[in-house]
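# quick one: sequence plus predicted model below, questions after.
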Amino acid sequence: MRHYYYVLVTLLLIALSSCRNDFSFEPSTGNLEFSKDTIYLDTVFTNIGSSTYTLKVYNRSNKDIKIPSVRLGQGDASKYRLMVDGISGKVFTNVELLAKDSMYIFVETTINYNDFSAPDAQYLYTDKIEFDYGTNYQKVDLVTLVKDAYFIYPGRNNGVYEQVEVGVDENGNTLTTRGRNLNHSHPTNGDEFLWKKDKPYVIYGYAAVPTGETLNVQAGARIHFHAESGLIVQQGASLKVAGTKSVTEALENEVIFEGDRLEQDFSEVPGQWGTIWLRNGSTAHDLKNLTIKNAVVGILTEGNDGTDETLKLTNVQIYNSANVGLLARNAHIKGDNIVINRAGQAALACTFGGKYLFRQSTFVNYWSRPNQVAVAIDNGADQQLIPLEMAQFDNCILFGSSNIPLSMTRNNSQAFNFRFNNCLIKFFDVAQQFSNNNLYPIANTTDYSNCRIAVNSNSFKPDFKNPNKNQLIIGNNSDAKAFGTTMTNPFLEDILGNVRPNGGSDLGAYNHVIFEN
């Protein structure tokens, strides 16, 4: 009986398979549907490959079909590349698509800007994906904006990249990283110590400003860093960023440092590139109207010559740093109208002592996880104990998603001088763990002079527009409104260039506004 059972099952399977018509494909009738009618591949730099974009093609009919042709409009000459059913190419024939099924087409491009000509250093390159012919013809448009750029990257000799110095180890050996020194007479870029606004700069590896040189960045310049890249300013060198106020949302006069991934999906992704590293011994840095986005550390600055500030910041914004927005190590900084938000550890970290003065600034941290701080201050750790000469905050806002966005770590063997004047500070000490700790407010009213301390969700609020989107302008209902002391130049204007009111400045970098419903 078991033998007859297996024979019956076998015959049944043969009968069922003989009735299938899965592989009987009919010609397409031109009724394909698409997930989009135009694919915008965002902006790419010349000779840098784009991300891969996806088109989904649907067969809504009850019949298995065969598409006679799927091709790029410019054929083999097209700058686009396709992948259809796992096969790369530019022209495909007899593409099969089952009834009520769909398939993916992947699109990417690499374009040499020098193959074209355009008056403003950009070129709109278009093509189309074409399906079938004649009355069954259908298409999906492809659009890419191509930008020319100045490229700065290390050379390579016998497979070994150029290196730049970044310090010494405990044995006195020189430490290096991939990069190269800037050049006054580069054969392609010209004078690389003047970064202009006529076209973007794209940096691979670390661009280094050598001893005795100054890098000047013009208003409106756009600087893009590849992964694991950045800028190093060596001992005895300087960085000057001369951004000015913009009048449109395009921020035409702002200087912007960010990654080289220009797709919208990458516009707020932290950690896309390294840092702006102002090494110990570099000096006289002056950064104005600068936005830094999506770095690992926005600015890393080291060293304090004991006299004038080594780093001066005016109207500087730092967003989406994987670790720290502004990391100072025994540095000397003066900052006015500073805004820092969203950092994996701290928005501002004043470490290993130093000297700091921040006025009319907004330090917040609305990271995706709630335990990061807005401001961290210490005077060293282990054997590296250095006096904190001063950490003063005037008319500032310290807030964030953490209950206590302020971290203070003091070693009593060194000075630890700090002061907050007329500030709005979040301090939800729910467990009362800091109630007797004079490094923090509540227990210390002397060093937190005339400050508004938000002790719970029902107390003082900054009323930010949308901190999760780095929109940190304050509203008309803000408790930071008109609470600051009136200051003279350079505080007559907020970070947007709006005149500050007399008789009490709004705290933070922005004047308040009335939000539209």
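In hand now; what should we look at?
# ok, longest strand in the chain?
Determined from DSSP state E, the single longest strand within the chain is strand 324-343.
# partners of that strand in the sheet?
Sheet pairing of strand 324-343 (DSSP bridges) gives strand 295-302 (parallel), strand 311-321 (parallel), strand 346-359 (parallel), strand 362-365 (parallel).
# what about N468, which SS state?
helix (DSSP: H, G, I helix; E, B strand; the rest coil).
# model confidence for it, exactly?
pLDDT recorded at N468 is 95.
# for the one 5 residues further on, same thing?
Per-residue confidence (pLDDT) for I473: 98.
# look at it and give its secondary structure.
strand.
# okay but it is in contact with N466, surely?
No - using CB atoms under 8 Å, I473 is not in contact with N466; the gap is 9.3 Å. From N, CA and C alone the C-beta is placed, and that goes for glycine too.
# more neighbours, those two?
I473 (23 against 11; other CB atoms under 10 Å).
# now stretch 355-369, how far from the chain's geometric center?
Computed by CA atoms, centre = their mean, to the nearest Å, the chain-centroid distance of stretch 355-369 equals 17 Å.
# quick one: end-to-end length of that stretch, please.
Stretch 355-369 has an end-to-end distance of 30 Å (criterion: CA to CA, to the nearest Å).
# can you list the buried residues in it?
For stretch 355-369, burial by neighbour count (16 or more other CB atoms under 10 Å) applies to 355-367.
# next, format these as CSV and append pLDDT and distance to E389.
Conversion of those to CSV gives the following (pLDDT from 0 to 100; distance: CB to CB, whole Å):
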residue, pLDDT, distance to E389
K355, 96, 4
Y356, 97, 9
L357, 97, 11
F358, 97, 14
R359, 96, 17
Q360, 96, 21
S361, 98, 19
T362, 98, 24
F363, 98, 20
V364, 98, 25
N365, 98, 25
Y366, 97, 31
W367, 95, 30
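# what's the closest of those residues to N114?
W367 (41.9 Å; CB to CB).
# the closest one should be in a strand, yeah?
No - W367 is assigned coil when assessed by three-state DSSP, not a strand.
# how about the contacts made by V375?
When contacts are counted by CB atoms under 8 Å, 6 or more residues apart in numbering, V375 touches A346, A347, L348, A349, C350, F363, F393, L398, P405, L406, S407.
# just to revisit the earlier point, give the buried residues for the longest strand of the chain.
Applying 16+ other CB under 10 Å to strand 324-343 flags 324-343 as buried.
# go on, stretch 442-458?
Buried residues in stretch 442-458 (16+ other CB under 10 Å): I442, D447, Y448, C451, R452, I453, A454.
# so what touches that stretch?
Residues outside stretch 442-458 that contact it (CB under 8 Å, 6+ apart) are 399, 418-429, 434-438, 441, 459-461, 479-480, 483.
# of these, buried ones?
Counted by 16+ other CB under 10 Å, the contacts of stretch 442-458 give 399, 418, 420-427, 429, 434, 441, 460-461, 479-480, 483 as buried.
# restricted to strands, list the residues you listed.
F399, F418, F420, N421, L424, I425, K426.
# I'd guessed F92 sits against V84; true?
Yes - F92 lies in contact with V84 (CB under 8 Å); the separation is 5.0 Å.
# can you list residues touching both of the two?
With CB under 8 Å, 6+ apart, F92 and V84 have common neighbours V70.
# which one of those two is surrounded by more residues?
Taking neighbours as other CB under 10 Å, F92 and V84 compare with V84 leading, 21 against 18.
# mind checking pLDDT for the residue positioned nearest the centre of the chain?
Nearest to the geometric centre of the chain sits N294, at 2.0 Å (CA atoms, centre = their mean). In this model, N294 is scored at 98, pLDDT.
# cool, Q345 as well?
97.
# likewise for Q234?
pLDDT at Q234 comes out at 97.
# please apply the same query to the one 10 residues further on.
According to the predicted model, the pLDDT of T244 comes to 97.
# so it sits against N315, correct?
No - under the criterion of CB under 8 Å, T244 is not in contact with N315, lying 9.1 Å apart.
# on that earlier part again, could the buried residues of stretch 355-369 be laid out in JSON lines, adding distance to T46?
As requested, those are arranged in JSON lines below (distance: CB to CB, whole Å):
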{"residue": "K355", "distance to T46": "44"}
{"residue": "Y356", "distance to T46": "42"}
{"residue": "L357", "distance to T46": "43"}
{"residue": "F358", "distance to T46": "40"}
{"residue": "R359", "distance to T46": "43"}
{"residue": "Q360", "distance to T46": "41"}
{"residue": "S361", "distance to T46": "38"}
{"residue": "T362", "distance to T46": "37"}
{"residue": "F363", "distance to T46": "39"}
{"residue": "V364", "distance to T46": "38"}
{"residue": "N365", "distance to T46": "37"}
{"residue": "Y366", "distance to T46": "36"}
{"residue": "W367", "distance to T46": "35"}
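# V146 pairs with what?
With DSSP bridges as the rule, V146 is bridged to V44, Y123.
# that older thread, of all the buried residues of stretch 442-458, which two lie farthest apart?
Checking those with CB to CB, the most distant pair is D447 and A454, at 17.6 Å.
# pick the one among the buried residues of stretch 355-369 closest to N502.
Q360 (14.9 Å).
# from Y448, how far off is the closest one?
18 Å (CB to CB, to the nearest Å).
# if we can go back for a sec, was I right to think the residue nearest to the centre of the chain contacts D260?
No - N294 is not in contact with D260 according to CB under 8 Å; the separation is 10.3 Å.
# how about the contacts made by N395?
N395 touches R359, Q360, N421, N422, C423, G484, T485, M487, S505, L507, G508, counting by CB under 8 Å, 6+ apart.
# that one: what's its closest spatial neighbour, skipping adjacent residues?
Spatial nearest neighbour of N395, chain neighbours left out: G484 (3.6 Å); criterion: CB to CB, 6 or more residues apart in numbering.
# got it, and L41?
Nearest to L41 is T144, by CB to CB, 6+ apart, at 4.3 Å.
# which SS class is that neighbour?
Per three-state DSSP, T144 ends up strand.
# who's in contact with it?
Y40, L41, D42, T43, V44, S50, K79, T109, I111, L124, Y125, T126.
# could you report the pLDDT at it?
91.
# so where's the chain uncertain?
For the chain, the stretches flagged by pLDDT under 70 are 1-23, 117-121, 488-491, 503, 517.
# now the helices for it?
Secondary structure of the chain (DSSP state H): helices at 2-18.
# OK, contacts around the residue nearest to N395?
So G484 contacts Q360, D394, N395, N422, G504, S505, D506, L507 (CB under 8 Å, 6+ apart).
# you'd agree I377 is up against N417?
No - contact criterion CB under 8 Å: I377 and N417 do not qualify, at 10.3 Å.
# list residues touching both of the two?
With CB under 8 Å, 6+ apart as the test, I377 and N417 both reach L388, A391.
# more neighbours, these two?
I377 (25 against 14).
# contact partners for the nearest residue to the more buried one once chain neighbours are set aside?
Among residues not flanking I377 along the chain, C350 sits closest, at 4.8 Å (CB to CB, 6+ apart). Going by CB under 8 Å, 6+ apart, C350 touches A328, A331, I333, Y356, V375, A376, I377, D378, L388, A391.
# and the spatially closest residue to the fourth one that is not a sequence neighbour, what does it touch?
Meaning Y356. Sequence neighbours aside, A391 is the residue nearest to Y356 in space, at 4.7 Å (criterion: CB to CB, 6+ apart). Shown in contact with A391 (CB under 8 Å, 6+ apart): C350, G354, K355, Y356, I377, N417, F418, R419.
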